[in-house]
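K.L.:
Predicted model and sequence follow; I will ask about them next.
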Amino acid sequence: MDLPWDVYATPIAAKKLARLGVQSGGEGANRVVLLPALFRQLGASYAVSDTAVCPMHDHEAPQARCTCGFYAVESDDELWRLGGDEPEFAVLDVDLAGRVIAHEHGYRASHQHVRRVTLANTCVRCGKPAITLQRHWFGALTPACGRHARQAVSVEDAAAALGVPVEFSTEEPVPTPRFARLQFVLAQLVVPIAILLLGIGGAFVARSGVPLNFAQLGVLGWLLAGPTVFDRIAPKFGLGHRETARLQRRWHCLVVCVAIACDLLITVVAAVVWDAMTT
């Protein structure tokens, strides 16, 4: 499909989401790179000025019948189409050029030049104002406060490595009361414990372990569906999307471990009580 000449020649200002990371370069040197916001098996890092390559087919990117190309949207209000409001995402101001496919949800382009990198201004671990970047085990760089930046990389160093401005968002971070965060985390434990107690009660009434087995399946279903449910009701706790994502990432593993531990404990106690009642 032939495209108008100006689509090839005129840069289009757009926005997109990405992650910052550190990768090993030649001769043991490390370099700061841009990574896709959502990790994909075939996703690769890209330079500040780069040309898209299709990782699946031997054709120029993008093509109308493929998913290749650099993805972007027209404005900040459309960024949710590219993956959400995760606290570690960076917002890129980009110029798109070359072959650009415009559609109802944004753009896919063959050439991309990054003009600016804007990071969330809150620490991904505690929610306090971020002052630097924390380097993680696998090279990811995320906003961090001074306390949680054990392997700090300054935004100035990141900007120098990339060759474009890197800065924190100027939006005022909205502090979330500690009690509201505690309520949000504890509320996720109330449901599985209540399910297990109901299962135990049903098992003693029916004199069968089947109700408890169904309760354990219910707990498993809750652990799988809980993050989605609480993401929708988080505003009732006074939490924004970014704070909800941060809390889910930090505490979900602990919630799962506590729920499983309660399941084992309640099952053992029920077995001991049942054995004492029947002997």
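P.N.:
Perfect, I can see it now.

K.L.:
Show me what the helix or strand hosting residue 225 is packed against.
P.N.:
Per DSSP states H and E: residue 225 is located in helix 210-233. Other helices and strands packing on helix 210-233, by 3 or more C-beta pairs under 8 Å, 6 or more residues apart in numbering; DSSP states H and E, are helix 178-206, helix 241-278. To be clear about C-beta, it is placed using only N, CA and C from the backbone, and glycine gets the same treatment.

K.L.:
State the distance from residue 183 to residue 254.
P.N.:
15 Å (C-beta to C-beta, to the nearest Å).

K.L.:
more crowded one of those two?
P.N.:
When residue 183 and residue 254 are compared on other C-beta atoms under 10 Å, the one with more neighbours turns out to be residue 183, at 15 against 12.

K.L.:
CA atoms only: put the helix holding residue 225 into PDB for me.
P.N.:
Taking C-alpha atoms only, helix 210-233 is exported to PDB below (Å, rounded to 0.1, in the frame of the first residue of the first chain):
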ATOM      1  CA  VAL A 210     -15.200 -32.000  50.500                       C
ATOM      2  CA  PRO A 211     -16.300 -28.500  51.700                       C
ATOM      3  CA  LEU A 212     -12.700 -27.800  52.700                       C
ATOM      4  CA  ASN A 213     -11.400 -29.000  49.300                       C
ATOM      5  CA  PHE A 214     -13.800 -26.600  47.600                       C
ATOM      6  CA  ALA A 215     -12.700 -23.800  49.900                       C
ATOM      7  CA  GLN A 216      -9.000 -24.500  49.000                       C
ATOM      8  CA  LEU A 217     -10.000 -24.200  45.300                       C
ATOM      9  CA  GLY A 218     -11.800 -21.000  46.100                       C
ATOM     10  CA  VAL A 219      -8.600 -19.600  47.800                       C
ATOM     11  CA  LEU A 220      -6.600 -20.500  44.700                       C
ATOM     12  CA  GLY A 221      -9.100 -18.700  42.500                       C
ATOM     13  CA  TRP A 222      -9.000 -15.700  44.700                       C
ATOM     14  CA  LEU A 223      -5.200 -15.500  44.600                       C
ATOM     15  CA  LEU A 224      -5.400 -15.600  40.800                       C
ATOM     16  CA  ALA A 225      -8.300 -13.000  40.500                       C
ATOM     17  CA  GLY A 226      -7.500 -10.900  43.600                       C
ATOM     18  CA  PRO A 227      -5.100  -8.400  41.900                       C
ATOM     19  CA  THR A 228      -7.600  -7.600  39.200                       C
ATOM     20  CA  VAL A 229     -10.500  -7.200  41.700                       C
ATOM     21  CA  PHE A 230      -8.500  -5.000  44.000                       C
ATOM     22  CA  ASP A 231      -7.200  -2.900  41.100                       C
ATOM     23  CA  ARG A 232     -10.800  -2.000  40.400                       C
ATOM     24  CA  ILE A 233     -11.800  -1.200  44.000                       C
END
